[in-house]
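Colleague: the sequence and its predicted three-dimensional model are supplied below.
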2 protein chains.
Amino acid sequence: MNRMFADRISDVPKSFIREILKVAVDEEVISFAGGLPNRALFPVKELKQAASQVFDNMGPEALQYSNSEGLLKLRKFISNRYMEKSGLSIPVENIMITSGSQQGLDLLGKTFLNEGDDVIIEEPGYLGAIQAFSVYKSRFNPVKIHEDGMDIEALKHVFPGRNPKLIYTVPNFQNPSGISYTEENRRAVAEVLENKELYLIEDDPYGDLRYTGEPKSSFKQLLPDKTILLGSFSKTVVPGFRLGWIVAPDDIMEKLLIAKQASDLHTNQFAQCVLSAYLEAGDFDVHIAQIKKVYNHQREAMIASMDRHFPKDVHVTKPEGGMFLWVSLPNQISSMKLFDLAIKNKVAFVPGHPFYIGLTETNTLRLNFSNVDADTIEIGMERLGRALKELLANS
Amino acid sequence: MNRMFADRISDVPKSFIREILKVAVDEEVISFAGGLPNRALFPVKELKQAASQVFDNMGPEALQYSNSEGLLKLRKFISNRYMEKSGLSIPVENIMITSGSQQGLDLLGKTFLNEGDDVIIEEPGYLGAIQAFSVYKSRFNPVKIHEDGMDIEALKHVFPGRNPKLIYTVPNFQNPSGISYTEENRRAVAEVLENKELYLIEDDPYGDLRYTGEPKSSFKQLLPDKTILLGSFSKTVVPGFRLGWIVAPDDIMEKLLIAKQASDLHTNQFAQCVLSAYLEAGDFDVHIAQIKKVYNHQREAMIASMDRHFPKDVHVTKPEGGMFLWVSLPNQISSMKLFDLAIKNKVAFVPGHPFYIGLTETNTLRLNFSNVDADTIEIGMERLGRALKELLANS
């Protein structure tokens, strides 16, 4: 019955990571493959208390149908935090709560993309965005990113041949590469885009998780009328609540609300109330500080292990925050071949090719350091180093 | 910047009900307009206990990223309940948890509908389905429903001129009309569709809320290979959790999972765990019995009030369950005109035209009886009767 399916759904890449995680379920496999925050840091006790408060103080109100924009208190918190952390003035009317920031991507695709519309995406780029926009049959224009950010010449080169509606960026501690755009790079990107008719999506799930270096300007400061912000509580509180948000100008917000209603009416009201009660209790920054301390320790442990166990001609990014390192193997080495050998050595990672548009093999790979403690990192990296040396010896 | 938006989003009707509810926020207005379950019946205490158990027994596991299919325990509960209540054998692999059944509609649209694809929809029909499928630019083929169910001749008449991929039905206590398909009507519908290449969506959010009459066959029994079921906990537990489900054959489930991943990765894990703990505690049927008792009382109160206060040539459906009555005014009377007068009389309802494809005026209207107690119903219906008499006198 193949004629029955929509064209769009046959074009969407199946989640390669999802498939890979199935290989990595073996309990003995040390996995650097996922993108999970460390559950040991979830504020279980505090959320339990917040939930109890919500049941007692709000009762049925927290459990009824609600509005598509999201809980006002939560949107106010987000608005205040933008002001406090970045000096950005974002009215609550321009904030919508979403069922995770993945839904933000889906709603933006729904709102903007006709079949064949051009979208600029970082290369390597975030898989969830590739998946979400593929559903709307957009045409991807990949622009390489380097350790200082987006390749400005490649970005310029997109125009005027193409007329992209959206450019998707993760300027802080990007997934998959860990790269952050420098201040200079952000300004150069803004300069290229200044007079173009498009919107820039700044997806910032990891922005709060900075371990070194100084915070940089948001594109919302550099291109205020063109920038759409995506945020998430998945990395700073818990992912299981599926709570994220979009910041967008008025006319876009109006369309996004229609898309939201058609998609799921509104975001889980109870989870919004519990999160809001948790945030109001006031330990959010203390909690983030603790996450940063642990993740930074694990990041350093991973880099140090790599120095000990990897051949010298392997290159790795040194991210200033986030959850990922990005490894480039010597040119002739396929990270898929390394993956097969690594699984035999009971260690897993994500090969780089799914993060590129239309590639089936690369010499790159992604390592997650947030979800594995330092001791296990050392064992896993030793295994991975062994697999890599074996592969190099036979190539 | 209008060229920026996707065509699909300009075609989607804004939620008329949403707009109407804004008019009805005046505290003095008695509203029969919404479709809200009665919050006085929410099992707040039991859910609080379930949440507390989840925090204590599952802890971080209930708060981490999870799978796109949904919580296995919850899917097992749903599977067992189908067997117990309807003798339907539904493997857990064919059940996916969704962010409310509105998301089920969106995922089905995403999976099946190319621009211009034909969809059969009941007339009057459920607004959420009209919205969800409009996003995918389907062509609607409305088929009238009468008090015994779908108009069989009109259904036959769709073929062979059109080649619809989907037919959307709410055979039990339909929204907006309250109508249920008789057993004979279901069999006649199944006979018409038997040899057609399409899928039938049986959306059944109200199925558990039957006050009189006997349960009827599900289309899953009559057209087992062609039927996709949608279910929801919004009317039987709480809507704020946004928890519903889809039952679909293997090959469709595979596509729905890709659509789900691209849409929001997975449904709120914590809410799934809490709901599952609540359902396992075993009072679900007792709870449903209590809802039925209260709603049936309100349904009868509304029909009795209507007998007292409405002119005799007004027709109303007498639904066997659900949350809505459907009123037909004498032919020359516009329900929009009645609406304006009703608001002046401090009472609200939903005029019928948004439930039709392409109509701007009808003599029909929807009344909700689940969310207003019997005493308030009497006052509200008296006001509405007064408005109606005034309108009739001047027409």
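Modeller: Happy to help now that I have it.
Colleague: so what's A:T182 up against?
Modeller: Taking Cβ atoms under 8 Å, 6 or more residues apart in numbering or on different chains, we find A:T182 in contact with A:148-149, A:216. Quick note: C-beta positions are derived from backbone N, CA and C, even for glycine.
Colleague: gap between A:Q174 and A:P124?
Modeller: Taking Cβ to Cβ, to the nearest Å as the measure, A:Q174 falls 8 Å from A:P124.
Colleague: joint contacts of those two?
Modeller: A:I145.
Colleague: which other helices and strands contact the longest helix anywhere in chain A?
Modeller: The residue-count maximum for a helix in chain A (DSSP state H) belongs to helix A:284-309. For helix A:284-309, the contact count by 3 or more Cβ pairs under 8 Å, 6 or more residues apart in numbering or on different chains; DSSP states H and E identifies strand A:324-328, helix A:374-393 as packing neighbours.
Colleague: spell out whether the first one and chain B are in contact.
Modeller: It refers to strand A:324-328. No: with Cβ under 8 Å from any Cβ of the partner chain as the measure, strand A:324-328 is seen stopping short of chain B, the closest distance being 15.2 Å.
Colleague: and the angle for that strand with helix A:374-393?
Modeller: Counting by axes from the mean of the first three to the mean of the last three Cα atoms, to 10 degrees, strand A:324-328 lies at 10 degrees to helix A:374-393.
Colleague: so which elements touch strand A:324-328?
Modeller: Under the contact rule (3+ Cβ pairs under 8 Å, 6+ apart), strand A:324-328 is packed against helix A:284-309, strand A:315-316, strand A:364-368.
Colleague: identify, out of these, the most deeply packed stretch.
Modeller: strand A:364-368 (a mean of 25; mean count of other Cβ atoms under 10 Å in any protein chain shown).
Colleague: which one of the helices and strands packed on strand A:324-328 lies closest to A:N195?
Modeller: If you check each of those against A:N195 by Cβ to Cβ, strand A:364-368 wins as the nearest, at 33.8 Å.
Colleague: closest one to A:S31 among the helices and strands packed on strand A:324-328?
Modeller: Of all the helices and strands packed on strand A:324-328, the one in closest proximity to A:S31, counting by Cβ to Cβ, is strand A:364-368 (7.9 Å).
Colleague: and that closest one, average pLDDT?
Modeller: In this model, strand A:364-368 has an average pLDDT of 97.
Colleague: so what's the residue nearest to A:L71 when sequence neighbours are not counted up against?
Modeller: Using Cβ to Cβ, 6 or more residues apart in numbering or on different chains and skipping the chain neighbours, the partner closest in space to A:L71 is A:Q272 (4.0 Å). Counting by Cβ under 8 Å, 6+ apart, A:Q272 makes contact with A:66, A:70-71, A:74, A:97, A:243.
Colleague: again, only this time at 7 Å
Modeller: A:Q272 sits next to A:70-71, A:74, A:97, A:243 when contact means Cβ atoms under 7 Å, 6 or more residues apart in numbering or on different chains.
Colleague: quick check: angle from the helix or strand encompassing A:S52 to helix A:284-309?
Modeller: Using DSSP states H and E, A:S52 sits within helix A:44-57. With the same axes, to 10 degrees applied, the angle from helix A:44-57 to helix A:284-309 works out at 150 degrees.
Colleague: what's the first helix or strand after the helix or strand of chain A with the lowest mean pLDDT?
Modeller: Lowest on mean pLDDT, DSSP states H and E among the helices and strands of chain A sits helix A:16-23, with a mean of 67. Using DSSP H and E, the helix or strand that follows helix A:16-23 in sequence is strand A:30-31.
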